[in-house]
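K.L.:
Take this sequence and fold it.
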Amino acid sequence: MSDQDDYSIIRRDPRAEWIARNRLHPLHSSVSCASAMDVRGPYGLVRKSPHNVGFLGPNGLKRIDRLKGNGSQGKGRVAKGRASKDVPLPLHQVSQPDFYIVTVADMVGGRLTSHDKDVIGQAHQLVKETQLNVPEQSGAVLVVCFGESKEANFGLSGADRVLMLDGEAYQGYCPEQQLAALVQLELAYQPKYWLFPDSVHGGAEIGSRLAARIGERPAVQAWQVDAQTTISRGAGGRVDITRNTPRLLLLAEECADQIDETRHEALAITLDSVKHVTRQLHDGGRVDVDPNAVPLAEAEFILSAGNGIHNWDQYHQVAKELGATEGASRVAVDDGFMPRFRQVGATGTWVTARVYIAVGISGAVQHMQGIGQCDKVIAINTDIGCDMIKRAALSTVGDSEAILEQLLALVRIYKEKHAIGEENQDAA
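P.N.:
Take a look at the predicted model:
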């Protein structure tokens, strides 16, 4: 055989092909991309992997990385020593909007909730549909927020414009003052649609008040919306009600996909001074309740314990100091350390907490299903490769007892400083 014939032979790398098929291999991300290595079959035919980001399927749809680089091909799987690059999302700009769609966010805890982001996603769907009908017009989504804001990702959530109303008049329970501001916004911008989250955090009430003030008949618990037709849930979710899409909608959760493929300008706008409205109801502040008296399915802050907890007295003390509702994995319940009604997971209670701290929980399939709707998950574990660490937005690897001891000390220091600050204010 000549040298020329020898070079024409297609040579395969079985080890590289095996690594490309094994997503848990540390070198998977370096060899999985089709551009870096063509996987060839036994007859020399190139095989395209449908798992690669950007792969075009037979229906013409492109595979999108919705994990934002935290999946098997993202920075979470990059081999040790390789530098990862965050590719910025394309910027969506609306320089001079012809119309606005206004969404009023609940902003629980000063941040956009998952429900708020669903509503913003619905607003963008209405913008696109309106622009398809009238191509020469451009629309923008205006997000209105009341009270103190700690949100730093308005642009990534889809806000083209942001109106912050955070003065002293908007602190606490003040629906009359909020309504006065929205009525002024109605006169100034004449929004094409008003969108509110249909929730107990304020969206349902302020949306109903605005509908009565401007004479609109709202659609409530709307979950499928386009420019012509709205489908709402009725009779406790047992029936669907179809009607023409009104100008004001109270939207259910998961009414639309959240914005995750573009970033937006989130330009701040102002509103002329809103006249002060005398409150008809006095806000007495939050009522102190025992966190463990809150049903697990309704708790917003959960400290959950697993097999990694060895000092249970310390765990209960930390939960009390944090003001968190106690949860547990199935192992902790089966071992008798926690009652059965504290079990989190598909075989226990499905939870929707805004913050879920998992201490010593590796993350069985049933447990991961039960926390699927939690907003922020924090993991404390000794196993850096466990599923809970992969699911968590923030992870701490180490002994749970030592970490909880440090956390307890930090919480007590914070409370002492806060108490001293209140005493100084009272003295002043």
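
K.L.:
Assumed residue 236 was part of a strand.
P.N.:
No - Residue 236 is assigned coil when assessed by DSSP: H, G, I helix; E, B strand; the rest coil, not a strand.

K.L.:
gap between it and residue 12?
P.N.:
According to C-beta to C-beta, to the nearest Å, residue 236 and residue 12 sit 60 Å apart. The way it works is simple: take the backbone N, C-alpha and C, and place the C-beta from them, glycine included.

K.L.:
likewise residue 286?
P.N.:
65 Å.

K.L.:
Check residue 87 too.
P.N.:
Distance from residue 87 to residue 12, by C-beta to C-beta: 31 Å.

K.L.:
quick one on the thing from earlier: more neighbours: residue 286 and residue 12, which one.
P.N.:
residue 12 (13 against 7; other C-beta atoms under 10 Å).

K.L.:
Report the helix or strand with the lowest average pLDDT across the protein.
P.N.:
helix 3-7 (a mean of 51; mean pLDDT, DSSP states H and E).

K.L.:
ok, then the element right after that one?
P.N.:
With elements assigned by DSSP states H and E, the helix or strand that comes after helix 3-7 is helix 14-21.

K.L.:
And that following helix, what does it pack against?
P.N.:
Counting contacts by 3 or more C-beta pairs under 8 Å, 6 or more residues apart in numbering; DSSP states H and E, helix 14-21 is packed against helix 28-31.

K.L.:
again, 10 Å this time
P.N.:
helix 28-31, strand 39-40 (3 or more C-beta pairs under 10 Å, 6 or more residues apart in numbering; DSSP states H and E).

K.L.:
Could you identify which of the ones you listed has the lowest mean pLDDT?
P.N.:
Comparing mean pLDDT across those, the weakest is strand 39-40, with a mean of 56.

K.L.:
those strands in the stretch 51-200 of the chain, which residues are they?
P.N.:
In the stretch 51-200 of the chain, the strands defined using DSSP state E, counting those that start in this stretch lie at 91-92, 99-104, 139-146, 161-165, 193-197.

K.L.:
any chance of the ones you listed in JSON lines, with mean neighbour count and mean pLDDT too?
P.N.:
Putting the strands of the stretch 51-200 of the chain into JSON lines (neighbours: other C-beta atoms under 10 Å; pLDDT from 0 to 100) gives the following:
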{"stretch": "strand 91-92", "mean neighbour count": "14", "mean pLDDT": "92"}
{"stretch": "strand 99-104", "mean neighbour count": "24", "mean pLDDT": "96"}
{"stretch": "strand 139-146", "mean neighbour count": "25", "mean pLDDT": "95"}
{"stretch": "strand 161-165", "mean neighbour count": "20", "mean pLDDT": "95"}
{"stretch": "strand 193-197", "mean neighbour count": "27", "mean pLDDT": "97"}
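
K.L.:
would a markdown table of the ones you listed with distance to residue 173 be doable?
P.N.:
A markdown table is the format used below for the strands of the stretch 51-200 of the chain (distance: least, C-beta to C-beta, whole Å):
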| stretch | distance to residue 173 |
| --- | --- |
| strand 91-92 | 35 |
| strand 99-104 | 15 |
| strand 139-146 | 11 |
| strand 161-165 | 15 |
| strand 193-197 | 17 |
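
K.L.:
Residue 147 versus the residue nearest to residue 156 when sequence neighbours are not counted, what's the distance?
P.N.:
Of all residues not flanking residue 156 in the chain, residue 263 sits nearest, at 5.3 Å (C-beta to C-beta, 6 or more residues apart in numbering). When distance is defined by C-beta to C-beta, residue 263 is 25 Å away from residue 147.

K.L.:
That's all I had, so thanks and see you.
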